[in-house]
Every structure is written in C-alpha cells, then in structure tokens.
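J.: Just to be clear, the model below is a prediction. Sequence and coordinates:
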Amino acid sequence: MIMVSDKPFDTGTINEYAERSIERMILNKMSLSEEQYVFDTASQLKFELRLRKEIINASYQLSKSRMSFQVFRKSKCNEQYWNRTDEGGFVLKEGVKASEAINDIFRNGFKYGTECATAMIIIYYKALLSVFPREVFDSLFSQIHLMNWHYLDSLIQEAGYMRKPKEYLPGDRRYFINPDVDPLTPYWQGENVIDLNNGLYYGHGIGIHKAETIIAVLNQKRKEGAEVSAYLLETVGRPDFKKLEAVYNQSVR
C-alpha cells in the first residue's frame, strides 16, 4: 500500500510511466504490498522510482564493463583517478572529479578488479550520477572511498544495512549466503546482488542470472562433504531514498 500525505495513493494519477516500464512495475508492487510505503509528497515517490530504475540500469552497465572479480589483496584500479589502499580499496584522487572517476569504471572496466561488495557501491554511485546534475554530484561526493560497507558516504550509509521487508522490490540489494563455503576460497561465502526484476539478479563475478543459477555456482564453492546449500537471505539493503530526495531538491533549486 502507498500512502502520500497520510492518504492512500491512487497510482492511476501517475500517468508518465508506460505500462511495462520498470517504474510502473515497482508502483504496482508497492500498491499491492502488505507493507506500507509512506511518502510526504508524490515527488518523494517519483524520486525513489527514478533512483531504483537507475540502480538497475547501472547494474546492467557494470555487467558489461569488463571489470574483473578480484579479492581485495589483488584488486586493481585506474591510478589516473584512484589511489589503491593497502586494504584493497580505491580512494578518489585529490583534484579528480568524482563523476569522471565513476564513469571511468564503466568506460575502462578492464583496468579495474574488485569484490562484489565494492561493485554494489559502484552501482549506487553510478545511479546517483544519473539522477543528480554532474556538478552537484561532484560537490556531494568529493571524497569517495570504494571498498565495503565500512567506508560508505554518509548520504548512502543506509544501503549497508540489511533488514527484512514484507515485499522485495526491483533495485533492492539482496544477498545469497553460502554457509558451507570452502575455507580455501572464503570470498565465495556469499554474493551481493541487485534485484533486476522478473527473477533476475546481478552479482559481480557471477553475472546476471536467476536465483537457482547463482545458488548452483555458490554450491560449487563449498567445502568437501558440505550438506547445506547456498540460499537467498530474506533481507534487503536500501539507500535512504527520502534523504537523498531532500538533498536533491535542495541542490537543484
């Protein structure tokens, strides 16, 4: 159910989305859900729909970027834009525009290699770059540190937390866990993915597949004698769409 300004919202009043568009699919899922989606304004709702769409678009783009899967100790980046840390993360170089550095990952992906958590963060930044004007993005994200959830910018830190919802939506971050992972390959203990809709997920290092395929891949990475299958957790990670919408409105006035 969707509530806007404390009233049930009629999705039929939003007519700018085509019937088969991802925005319309998300609207329909929200409307039919047992979970209550509460917005102060219709603008908040439309912003979330837009950002979810761009998260999905960025996932498809990253899947085609040729960025390789590497454990942190073997990670690599284009040093024209990033400084690689001893931990294996990437820190935006001083004097480099954040928009140019993020776009370089998608343009020259073969120069980059990292784990799946970093890929999720890259997707969030690319999605935000598609929504915010470039100069605003550069101002907001002038100190990007790409690695894992410990280094998230305060504007997207909520995306690092997982919670159990009543409904899963396209653009959500999900996690496939592999409890019996082979201890010799601990980086296959799970896979962060983006829900692309229609049962498809994107996970860096695995690609775009249905859940059963991702589970099958992870099951090949279990210890000898493993009895527990990998499976999809019932939790999601989401950025704070309302907070980002407020920042967007303040910055584009």
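T.: Alright, I've got the coordinates. Numbers count the residues shown, from 1 in each chain.
J.: Which helix or which strand is home to residue 201?
T.: Take DSSP states H and E as the rule and residue 201 turns out to sit in strand 200-203.
J.: just so I have it, where are all the helices in the chain?
T.: Secondary structure of the chain by DSSP state H: the helices cover 22-32, 42-63, 98-107, 116-131, 134-140, 211-219, 241-251.
J.: can you pull the buried residues of the third one?
T.: Using 16 or more other Cβ atoms under 10 Å as the burial criterion, the residues of helix 98-107 that qualify are 98, 99, 101, 102, 103, 104, 105, 106. For the C-beta atoms, the positions are set from N, CA and C on the backbone; glycine is no exception.
J.: What is the burial count for residue 225?
T.: When neighbours are counted by other Cβ atoms under 10 Å, residue 225 registers 6.
J.: no, scratch that, I was asking about residue 230
T.: By other Cβ under 10 Å, the burial measure for residue 230, its neighbour count, is 25.
J.: Check the gap between residue 211 and residue 111 for me.
T.: Separation of residue 211 from residue 111 (Cβ to Cβ, to the nearest Å): 31 Å.
J.: Likewise for residue 41?
T.: For residue 41, the distance to residue 111 - Cβ to Cβ - is 42 Å.
J.: With residue 51 instead?
T.: Taking Cβ to Cβ as the criterion, residue 51 is separated from residue 111 by 27 Å.
J.: Those two: which has the busier surroundings?
T.: Neighbour comparison, residue 51 and residue 111: the larger count goes to residue 51, with 22 against 18 (by other Cβ under 10 Å).
J.: give me every residue that touches residue 40.
T.: Remark: with contacts taken as Cβ atoms under 8 Å, 6 or more residues apart in numbering, residue 40 is in contact with 4, 5, 242.
J.: next one: residue 166
T.: For residue 166, the residues meeting the contact criterion (Cβ under 8 Å, 6+ apart) are 33, 34, 35.
J.: Can you tell me how far the last one is from residue 3?
T.: Right, the one you point to is residue 35. Summarising the geometry, the distance separating residue 35 from residue 3, computed by Cβ to Cβ, is 11 Å.
J.: Could you check how many residues crowd around the residue nearest to residue 4 when sequence neighbours are not counted?
T.: Residue nearest to residue 4 in three dimensions, not counting chain neighbours: residue 39, with 4.9 Å by Cβ to Cβ, 6 or more residues apart in numbering. Number of residues near residue 39 (other Cβ under 10 Å) recorded here: 20.
J.: right, and residue 39 touches residue 1 too?
T.: No. Residue 39 is not in contact with residue 1 according to Cβ atoms under 8 Å; the separation is 11.5 Å.
J.: Pop the domain breakdown of the protein in here.
T.: Annotated domains of the chain cover 43-160+239-251, 162-236 [automatic domain parsing].
J.: Return the residues in contact with residue 115.
T.: The neighbourhood of residue 115, defined by Cβ under 8 Å, 6+ apart, consists of 69, 70, 71, 72, 75, 148, 187, 204, 205.
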